[in-house]
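Student: Build me a model:
(chains A, B, C and D)
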There are 4 protein chains.
Amino acid sequence: MSRPGLILKLSCPDQPGIVAKIASYCAMHRGNLVEFNQFSDQLGAKFFARLEIETSELAVDVQDFIDGFGTLGRSLQAVWHFRRLPYRMRTAVLVTKTDHCLNEILWRTELGELPIEITSIIGNRPHCRGIADHAGIPFHEIDMDGDRRAAGFTAIRRLIEAQDVELIVLARFMQILPDDFCNDYAGRVINIHHSFLPAFIGANPYKQAYERGVKLIGATCHYVTAELDAGPIIEQEVERVHHFHTPADLVRLGRNCERNAIARGIRHHVHDRTIIDGHRAIVFPD
Amino acid sequence: MSRPGLILKLSCPDQPGIVAKIASYCAMHRGNLVEFNQFSDQLGAKFFARLEIETSELAVDVQDFIDGFGTLGRSLQAVWHFRRLPYRMRTAVLVTKTDHCLNEILWRTELGELPIEITSIIGNRPHCRGIADHAGIPFHEIDMDGDRRAAGFTAIRRLIEAQDVELIVLARFMQILPDDFCNDYAGRVINIHHSFLPAFIGANPYKQAYERGVKLIGATCHYVTAELDAGPIIEQEVERVHHFHTPADLVRLGRNCERNAIARGIRHHVHDRTIIDGHRAIVFPD
Amino acid sequence: MSRPGLILKLSCPDQPGIVAKIASYCAMHRGNLVEFNQFSDQLGAKFFARLEIETSELAVDVQDFIDGFGTLGRSLQAVWHFRRLPYRMRTAVLVTKTDHCLNEILWRTELGELPIEITSIIGNRPHCRGIADHAGIPFHEIDMDGDRRAAGFTAIRRLIEAQDVELIVLARFMQILPDDFCNDYAGRVINIHHSFLPAFIGANPYKQAYERGVKLIGATCHYVTAELDAGPIIEQEVERVHHFHTPADLVRLGRNCERNAIARGIRHHVHDRTIIDGHRAIVFPD
Amino acid sequence: MSRPGLILKLSCPDQPGIVAKIASYCAMHRGNLVEFNQFSDQLGAKFFARLEIETSELAVDVQDFIDGFGTLGRSLQAVWHFRRLPYRMRTAVLVTKTDHCLNEILWRTELGELPIEITSIIGNRPHCRGIADHAGIPFHEIDMDGDRRAAGFTAIRRLIEAQDVELIVLARFMQILPDDFCNDYAGRVINIHHSFLPAFIGANPYKQAYERGVKLIGATCHYVTAELDAGPIIEQEVERVHHFHTPADLVRLGRNCERNAIARGIRHHVHDRTIIDGHRAIVFPD
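Tutor: Reported below is the predicted structural model:
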């Protein structure tokens, strides 16, 4: 992701010849396909692709290349998106008290695993302020209790808009987003749910898992939609548990699932490896 | 499981000194503890144990040893069970059309992994007859369609009783058991559900999983109770899936989960490694 | 794999425009790309691809399409291979005593998971004859003990040639192949090694694993080369083990790894999803 | 681990009646067995156990209880160890440049997952100083290059002795310990090796793994002995990899394995769940 280049993400009704048309467009202008992932959904008659294009030999201006694709894109009735590389996605992280997912995100960002720029950490509790301070990232405490909830979400929106945030990560943020928020930021809000969805939707999933006596617990990273814990799944992780594990043990063991699932989910998203298709997410391998 | 000996399974209210009392009873009569598994459920204040006792040096008759334990057992307000080794558990396998779970069970039995004796294979469809014939096991086709359902279950009961069956395995048996059947054979009926319970209860779990777009599919081996797919879980297995997998692919990949989960679940049960505790199953490691 | 069509496997030096050229060739003749997998190895400057082409609308004769590709293929300095679908790969399975891998292969073939036709089962011991008989596949017992080894391999070669066998599977075949055999059938012999290679090369890997006290055991499916257990790896599976597992337990638990690894390895190969690249195998996802 | 109590770890030649004797000793003095793990190694005729004893009702002084056990212990020809709870094990962490294992250890310690007190972080490079400073732990940079190696290890020994360190963790410490160091601190030095041992012993295991084309990479947490990477294994983790992963990807993916393996390995050790038995480690489940 650090070389100059472009990522093209595209979906359209399936028909013969799409790969040839897209690849030829690139070749014609001397864009070099470094990676080409394609998926023809034969049940849905849809075509999905992600291309990574090296542009150092490009025969035209990059913007011209992007603009010129429009003719082909429209003829395919496609939805598409170009991303210029290198880039770092401007990201806001929302938290409450729990900090392990936030820590994991900060850490992997520093290690270079996540090409994001965290513009702010927003908490409806003050607990993560110290971590934000140490990382040198502004922390915004926004009270959302009781009748201050609506005002709180308005404040979050204002912050996100002011900072030109592209991605909103709910890193164990213990508030349900209002429907209009979900709709306005569709495909841009990623949540971690601490269960193997669709099992244990809602509150206290580890307690639910303990009581049900499952032998594997999990975590699910998904896009947020207005329906609770029902958005397209990006990544899931599981961990084996035993009868002697208490609910507190499940919380401890589950942290690993959560940390991995959210970190991988974010990585897939910011590398433009995901395409939302109704209730499902296509995730090209990474 | 092939040496002469005893397995003792026990549960009782927790209190100090239980291990000493049980182990001393064994030692006093020169029963040698080859394996001692114990679990003190501190949330429920219950004690559970499984002992494997080598009896070649036993100072008393085995039956005397078993009978004599009653005094201690009652004083602990325990529920307990002795099993004489070697043994093979008399087992009936119920099937419909699908044969991969049946095959796995037959195969592992032959390899010596499952100490069971399959007394009969019962199908509400004729599809598995050939497999039964090849294995030299009687096949009983019992029609359960429409209004013959009640009579069908009566016939199954009669067969099970006549053959002194201790374990009933539902190896992809596509009929819901009547409540009284579940209750009468509580703790003796094992089912394989082709999802990662409690996700996707009921029919067509792979189709449900496809539509939900999960990234891991699974299978669950559990004891059958009157509540559908809600009995104590013995074993769960998962397999990673991708967006390009069709529902048919999920069926294919899920077969592996099902085969492993049911085989391991049966093995835990017939080795007396499971103790049912309400909605949960304790499963001592194997 | 059951629809009429073609699979094209190709490798060549990397250069810009390859995808466009290949996809355009298909589109020009109305071959519809159902699946296009590509890998540009930037370390080795090589390009690898696998295409699945639906040919029902093909504007030319299939053989013409295949022949006509030669001009492009040669211009790319490519090595390539077309496969007509549907097909079943003619396969010989070599065994000694152990039968679980053979059983798994037979079973998955019957379930439709492996598009192969097993022309013969060859054993240097008689143990698997019963299984072959039941499956209706000719069994050839070939004595390879002592000084009959060379003659044995000559007999195997004769059989393979006479039956026009394309794939040779060593399903726990306890003989080391002669170098010339490995070389003559390079890329066409698949072995299962019962360890997580490169750990525990050679004999008795489970005993080695027990003595080393590993916490995970495994199995490796790989192409056979003249160097023992060093050929390109297609698939690996692992299973967690504990201190209480005896060497016999490792054998039991390892069977699962072996069965899965060999079945998946064969599937990748017969679906033409593998391309050998020196010591490594590219395996396009399935 | 936070309740007042004792952990008893014991190994001795196997013989009948050991469990009864030990449990009776506890019961006699009103020590309540909260957890009793036992392993009879029938191949080696050895007995191993770990007991967790709640002492709030103890009829004697704790030290008396510990001292009094000597008579029984000696009669069993046992090696044993008592640990008073709650406790935190004094630990030194040795590092070079890489910080992800160090971070993971600090983090889990803060979360309460690891009952350790890190007395010092020792580096033969300055890179981890900032992390140590932020955590408020003394950082000691000790030069070990070239002919300063012996003096460096002497300095480490002096520090460890002065601080009464019980556990030494090599958290990607890129120096091979001298034999006498390994012997003097046998069973007290834990290393993380970034491969699935015994595969890829020595330097650059990810590069070795890439070149061998393995389909799973791993990490191994083990006790250090004088033989390189050959000490008793405590924990192993693996991660699936594909042909498109570069050596740099393997490093990235392997970090997860390393972090989990070292954290779990340390946890097993400090909870006294490990018993070294020659080349192997018994690890009672956690």
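Student: Pull out the buried positions in the helix or strand where A:Ile160 lies.
Tutor: Element membership of A:Ile160 [criterion: DSSP states H and E] is helix A:149-162. Using 16 or more other CB atoms under 10 Å in any protein chain shown as the test for burial, helix A:149-162 gives A:Gly152, A:Phe153, A:Ala155, A:Ile156, A:Leu159, A:Ile160. Yep, even glycine has a C-beta here, placed from its N, CA and C like the rest.
Student: Single out the residue in the stretch 51-200 of chain A that lies closest to chain B.
Tutor: Of all residues in the stretch 51-200 of chain A, A:Ala199 sits closest to chain B, at 4.1 Å by CB to the nearest CB.
Student: after the lowest-mean-pLDDT helix or strand in chain A comes which helix or strand?
Tutor: In chain A, no helix or strand scores lower on mean pLDDT, DSSP states H and E than helix A:205-212, which sits at a mean of 93. Using DSSP H and E, the next helix or strand after helix A:205-212 towards the C-terminus is strand A:216-223.
Student: anything in that next one near chain B?
Tutor: Yes - judged by CB under 8 Å from any CB of the partner chain, strand A:216-223 comes into contact with chain B through A:Leu216, A:Gly218.
Student: I'd like to check the angle between the top helix by length along chain A and strand A:216-223, please.
Tutor: In chain A, taking DSSP state H as the definition, the longest helix is helix A:247-270. Orientation of helix A:247-270 against strand A:216-223 (axes from the mean of the first three to the mean of the last three CA atoms, to 10 degrees) gives an angle of 30 degrees.
Student: Which strands and helices lie in contact with helix A:247-270?
Tutor: Other helices and strands packing on helix A:247-270, by 3 or more CB pairs under 8 Å, 6 or more residues apart in numbering or on different chains; DSSP states H and E, are strand A:89-95, helix A:100-110, strand A:167-170, strand A:189-193, helix A:205-212, strand A:216-223, strand A:233-240.
Student: right, and these - which one's nearest chain D?
Tutor: Comparing those by CB to the nearest CB, helix A:100-110 comes nearest, at 6.5 Å.
Student: Is the least confident helix or strand of chain A in proximity to chain B?
Tutor: Yes - for helix A:205-212, a contact with chain B is found by CB under 8 Å from any CB, at A:Glu211, A:Arg212.
Student: list the helices and strands that helix packs on?
Tutor: helix A:247-270.
Student: Show me which residues of the helix or strand following the helix it packs on are buried.
Tutor: Remark: after helix A:247-270, the chain's next helix or strand is strand A:274-277, criterion DSSP H and E. The neighbour-count check on strand A:274-277 (16+ other CB under 10 Å) flags A:Thr274, A:Ile275, A:Ile276, A:Asp277 as buried.
Student: same deal with stretch A:217-237?
Tutor: Buried, per 16+ other CB under 10 Å, within stretch A:217-237: A:217-225, A:229-237.
Student: do that stretch and chain D meet?
Tutor: No - counting by CB under 8 Å from any CB, chain D has no neighbours in stretch A:217-237; the shortest distance is 10.4 Å.
Student: Pick out the residue of the stretch 1-150 of chain A closest to chain B.
Tutor: For the stretch 1-150 of chain A, CB to the nearest CB, closest residue to chain B: A:Phe39, 5.6 Å.
Student: Enumerate every residue touching the closest residue to that residue other than its chain neighbours.
Tutor: Excluding the flanking residues, the one nearest A:Phe39 by CB to CB, 6 or more residues apart in numbering or on different chains is A:Phe48, at 4.5 Å. Each residue near A:Phe48 by CB atoms under 8 Å, 6 or more residues apart in numbering or on different chains is listed here: A:Leu10, A:Ser11, A:Gln38, A:Phe39, A:Ser40, A:Asp41, A:Ile275, A:Asp277, A:Ile282.
Student: now A:Pro4
Tutor: Here A:Pro4 is in contact with A:Glu54, A:Thr55, A:Ser56, A:Leu85, A:Pro86 (criterion: CB under 8 Å, 6+ apart).
Student: among those residues, which ones are buried?
Tutor: A:Glu54, A:Thr55, A:Leu85.
Student: and those as a markdown table, adding pLDDT, secondary structure and distance to D:Arg172?
Tutor: Formatted as a markdown table, the buried ones among the contacts of A:Pro4 follow (pLDDT from 0 to 100; DSSP: H, G, I helix; E, B strand; the rest coil; distance: CB to CB, whole Å):
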| residue | pLDDT | secondary structure | distance to D:Arg172 |
| --- | --- | --- | --- |
| A:Glu54 | 95 | strand | 34 |
| A:Thr55 | 95 | coil | 37 |
| A:Leu85 | 96 | strand | 31 |
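Student: of those residues, list those near chain D.
Tutor: Of the buried ones among the contacts of A:Pro4, not one also sits near chain D (CB under 8 Å from any CB).
Student: which one of those residues is nearest A:Leu76?
Tutor: The closest of the buried ones among the contacts of A:Pro4 to A:Leu76 turns out to be A:Thr55 (CB to CB; 21.6 Å).
Student: So for the closest one, what's the nearest residue that isn't a sequence neighbour?
Tutor: A:Gly5 (5.1 Å).
Student: what's the next secondary structure element after the helix or strand where A:Arg50 lies?
Tutor: Per DSSP H and E: A:Arg50 is located in strand A:46-54. On the C-terminal side of strand A:46-54, the nearest following helix or strand under DSSP H and E is helix A:62-75.
Student: quick check, distance from that next one to the centre of its chain.
Tutor: Distance of helix A:62-75 from its chain centroid, counting by CA atoms, centre = their mean, to the nearest Å, is 26 Å.
Student: Report the buried residues of it.
Tutor: Result for helix A:62-75 [16+ other CB under 10 Å]: buried residues A:Val62, A:Phe65, A:Ile66, A:Phe69, A:Leu72, A:Gly73.
Student: if I look at the third one, how far off is chain D?
Tutor: Distance, A:Ile66 to chain D, using CB to the nearest CB, to the nearest Å: 26 Å.
Student: Chain A against chain B: which residues are in contact?
Tutor: Counting by CB under 8 Å from any CB, chain A sits next to chain B at A:39, A:42-43, A:196-200, A:211-216, A:218, A:232-236, A:238, A:242-244, A:246, A:277, A:279-283, A:285.
Student: Narrow these to those that are buried.
Tutor: Buried by 16+ other CB under 10 Å: A:39, A:196-200, A:212-216, A:218, A:232-236, A:238, A:243-244, A:277, A:280-283, out of those.
Student: I am finished for the moment; much appreciated.
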